[in-house]
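Chemist: structure, please.
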Amino acid sequence: MNHPRITLISRLNVNRALLLLIALLVSGGVALQAQNKDSTDTAPGVNTSPSTAPAAAPAPVASTDSAAPAPNLLSNGNFETAGADPSWPDNWGKADGITYQTDNGKHFLRLVQQKPGTMLMAYREMGIPAETKGLEIVIRYRTTGITVGTSNWFDARTIMHLLDSSRKQMGPDPRPIIFAKEAPEWTSVTERFVVPSGATTLQLMPALFQVAAGTLDLAEIRITPLSDDDAKALTDAASAADQKQTDEKAAIAKDLALPATTPELKVSGNKLLKADGTDAWLQGVNVCSLEWAADGNNVLWSIRVALNDWKANCIRLPVNNDKWFGRGTDQTPGEASQNAYRSLVDDAVKLAASKGAYIVLDLHRFSAPDAGVIEFWKDAAARYKNNPAVLFDIFNEPTGTTWDVWRNGGDVEKKEKDKPTTTFHSPGMQAVVDAVRSTGAKNIIIAGGLDWAYDDSGILKGYALNDKTGNGIMYSVHVYNWKTDWQHKFLDLADKYPLFLGECGADINKMSFIPASAQEDPYTWVPDLLGLIQKYKLNWTGWSFHTSATPDLLSNWNYDPTPYWGAFAKDALHGKQFELKKLR
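Modeler: Here you go, the predicted model:
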């Protein structure tokens, strides 16, 4: 469906120039490899925070067998025919990294990544019969050990383009088929798409798309025409989605034209006070995706739904400092990319302010601040200086350091998956506070402690941050359903400082990087967490208002809540009271 979000799948367009070059270089059935472009974004990896990157895009829906399957439009789609060279299937080209193998008497192609960060693909072209209105593609595949590359959409996928009779590419491209990272048994997936009038050729590219490692086996690729009724249903759905997108853009534009109504906040003891002296209580959600996608995933509409329908009054907005300066791997270098990213953040702020709500601008980084963090906050703080609607969460999740280095700076080891450990100098969190205040910005600053922003105990032991010229500092804590010792780690601070649970939540599925026995059942843990929040009137934003950045508040992009987390959170935002039965 067309929608105002740009999904993880559609972010493939960033690499369109690379793919077009490949298409020009290959002919008929030639398979080849293409070098990955340079990357500066951090590759997704395993750590003890669920908020680093979205979960992998789900594989397309499984196909069902037909009693009398239609003939396959893709010649030798099952790899069984070998002619002049019996060691290789007809119509399929050879390349280093692709082998022809047999399993239980059936032939298949195996793609094995040999050079991390390169593209390995089996390229085919297929003529589209005249009067074809839609196509269905079914692929039987296996995968093992797929490790995403330097961006989280560098995975195992099938890329498709449609060409007209002059070999001009026609848009939009069919949605890529994303293969599961681990599917050790033969698995079938199905994708259907409309064929635009004038399309004569389908380019088909099953690929290890710049992955770091992994194996993709292809047993069969079956392509058949859709019936006229099925093609019409797809077309009607696309039209309805287009209209929905138009309506949503109009609603957002109307809100953006409204005046800002958000009152300024100041820290007073352990409370937040509005300009009129009344208490403020921030409650809301994390609208994530700008930390991994320059265009975001439906950011503005999600904010609008969270504020209007879920009754949030605060949105935590994770952002990426490289993308802020137009340096992200999914951005075209230059001022235009930088301005587009910043304009989207500007609109998020305006949208919240039009409804009297707040935006917590979260620099979504890990480990410890570096020079890039100072660079970002000197720029961003100047941009939103003294905007009543904006609070500054200066560093998402500090970890792997000491309280002294956390506050005052020092050398920090940087550990990345499959990379040698390096050391960098951190200026420390106090230096980040000072950088913000050097711009003249008085906005409230939010700072998380150690252990992925869970442990704030050092604040009471002499490591509190100084703020002599601003509206005060809140301390952040990120609480998930494997974290214990709530009292010592953060509740002890509640009598002296306002606390902000910047991330919290629980997933029904166990996190692979935490022992399963340590992860509590969301159906008992979540009500207790919300009871804690309400008993102590803690400020909070649940993670995440997204469908694939666990733990998800949303079941789908219709904004239906997940039953194990989103439903409880939505009830709390609507005023339902929860009882704290057990303090972890």
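Chemist: could you use CA atoms for every contact and neighbour count after this?
Modeler: Fine.
Chemist: dump the residue contacts of residue 574.
Modeler: Counting by CA atoms under 8 Å, 6 or more residues apart in numbering, residue 574 makes contact with 310, 311.
Chemist: swap in 10 Å and give it another go.
Modeler: Applying CA atoms under 10 Å, 6 or more residues apart in numbering to residue 574 gives the contacts 309, 310, 311, 312, 568.
Chemist: show me the residues you listed that map onto helices.
Modeler: When DSSP state H is applied, these are split such that residue 568 fall in helices.
Chemist: ramachandran angles for the residue nearest to residue 322 when sequence neighbours are not counted?
Modeler: Computed as CA to CA, 6 or more residues apart in numbering, the closest residue to residue 322 that is not its neighbour in sequence is residue 328, at 5.3 Å. Taking degrees, to the nearest 10, you get phi -70, psi 150 for the backbone angles of residue 328.
Chemist: ok, now how distant is residue 328 from residue 184?
Modeler: 34 Å (CA to CA, to the nearest Å).
Chemist: more neighbours, those two?
Modeler: Just comparing residue 328 and residue 184: by other CA atoms under 10 Å the higher neighbour count belongs to residue 328, 24 against 15.
Chemist: doesn't residue 295 make contact with the more buried one?
Modeler: No: Residue 328 lies out of contact with residue 295 (CA atoms under 10 Å); the separation is 11.1 Å.
Chemist: so what pLDDT did residue 37 get?
Modeler: With respect to pLDDT, residue 37 scores 29.
Chemist: from residue 428, how far out is residue 371?
Modeler: Distance from residue 371 to residue 428, by CA to CA: 10 Å.
Chemist: comparing these two, which residue is more hemmed in?
Modeler: Neighbour count, other CA under 10 Å: between residue 371 and residue 428, residue 428 has more, with 22 against 13.
Chemist: how about the more buried one, what does it touch?
Modeler: Per CA under 10 Å, 6+ apart, neighbours of residue 428: 368-371, 374, 403-411.
Chemist: could I get these as JSON lines with secondary structure and distance to residue 338?
Modeler: Compiled in JSON lines, the contacts of residue 428 are given as follows (DSSP: H, G, I helix; E, B strand; the rest coil; distance: CA to CA, whole Å):
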{"residue": "368", "secondary structure": "coil", "distance to residue 338": "24"}
{"residue": "369", "secondary structure": "coil", "distance to residue 338": "22"}
{"residue": "370", "secondary structure": "coil", "distance to residue 338": "21"}
{"residue": "371", "secondary structure": "helix", "distance to residue 338": "19"}
{"residue": "374", "secondary structure": "helix", "distance to residue 338": "18"}
{"residue": "403", "secondary structure": "helix", "distance to residue 338": "34"}
{"residue": "404", "secondary structure": "helix", "distance to residue 338": "35"}
{"residue": "405", "secondary structure": "helix", "distance to residue 338": "32"}
{"residue": "406", "secondary structure": "helix", "distance to residue 338": "30"}
{"residue": "407", "secondary structure": "helix", "distance to residue 338": "31"}
{"residue": "408", "secondary structure": "helix", "distance to residue 338": "31"}
{"residue": "409", "secondary structure": "coil", "distance to residue 338": "29"}
{"residue": "410", "secondary structure": "strand", "distance to residue 338": "31"}
{"residue": "411", "secondary structure": "strand", "distance to residue 338": "31"}
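Chemist: ok, those residues vs residue 441, which is closest?
Modeler: Within the contacts of residue 428, proximity to residue 441 (CA to CA) peaks at residue 374, which comes in at 14.2 Å.
Chemist: leaving out chain neighbours, which residue sits closest to that closest one?
Modeler: residue 432 (5.9 Å).
Chemist: where do the strands of the stretch 51-200 of the chain begin and end?
Modeler: For the stretch 51-200 of the chain, applying DSSP state E, counting those that start in this stretch gives strands covering 98-103, 106-112, 118-121, 124-127, 134-147, 156-164, 169-170, 177-178, 183-194, 199-209.
Chemist: in the chain, what helix or strand scores lowest on average pLDDT?
Modeler: Here the helix or strand of the chain ranked lowest by mean pLDDT, DSSP states H and E is strand 32-35, holding a mean of 30.
Chemist: picking that back up, need the overlap of contacts for residue 328 and residue 295.
Modeler: With CA under 10 Å, 6+ apart, residue 328 and residue 295 have common neighbours residue 337.
Chemist: and the helices in the stretch 1-150 of the chain?
Modeler: Assigned helices in the stretch 1-150 of the chain, in chain order: 16-25 (criterion: DSSP state H, counting those that start in this stretch).
Chemist: show me where it dips below the pLDDT cut-off.
Modeler: 1-49, 51-68 (pLDDT under 70).
Chemist: can you tell me the element residue 255 falls in?
Modeler: Using DSSP states H and E, residue 255 falls within helix 228-256.
Chemist: equivalent analysis for residue 306, please.
Modeler: helix 299-308.
Chemist: ok, now which ones touch residue 434?
Modeler: Counting by CA under 10 Å, 6+ apart, residue 434 has contacts 374, 377, 378, 465, 466, 467, 468, 469.
Chemist: so residue 139 is in contact with residue 177, correct?
Modeler: Yes: because the distance of 9.1 Å satisfies CA under 10 Å, residue 139 is recorded as touching residue 177.
Chemist: between those two, what contacts are shared?
Modeler: 158, 189, 190, 191, 206.
Chemist: just put those residues in CSV and tack on pLDDT, distance to residue 574 and neighbour count.
Modeler: Formatted as CSV, these follow (pLDDT from 0 to 100; distance: CA to CA, whole Å; neighbours: other CA atoms under 10 Å):
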residue, pLDDT, distance to residue 574, neighbour count
158, 96, 43, 20
189, 95, 40, 20
190, 95, 40, 18
191, 95, 39, 19
206, 96, 47, 26
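Chemist: kindly indicate which of those residues lies nearest residue 505.
Modeler: residue 189 (31.5 Å).
Chemist: the closest one pairs with what?
Modeler: According to DSSP bridges, the partner residues bridging residue 189 are residue 139.
Chemist: separation between it and residue 362?
Modeler: 37 Å.
Chemist: and what of residue 237?
Modeler: In terms of CA to CA, residue 237 sits 36 Å off from residue 362.
Chemist: would you map the strands across the stretch 351-500 of the chain?
Modeler: For the stretch 351-500 of the chain, applying DSSP E, counting those that start in this stretch gives strands covering 358-363, 366-367, 390-393, 397-398, 410-414, 422-426, 445-448, 473-480, 499-505.
Chemist: for those, give me JSON lines that also has mean neighbour count.
Modeler: Listed next are the strands of the stretch 351-500 of the chain as JSON lines, based on neighbours: other CA atoms under 10 Å:
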{"stretch": "strand 358-363", "mean neighbour count": "25"}
{"stretch": "strand 366-367", "mean neighbour count": "20"}
{"stretch": "strand 390-393", "mean neighbour count": "26"}
{"stretch": "strand 397-398", "mean neighbour count": "24"}
{"stretch": "strand 410-414", "mean neighbour count": "16"}
{"stretch": "strand 422-426", "mean neighbour count": "14"}
{"stretch": "strand 445-448", "mean neighbour count": "27"}
{"stretch": "strand 473-480", "mean neighbour count": "26"}
{"stretch": "strand 499-505", "mean neighbour count": "26"}
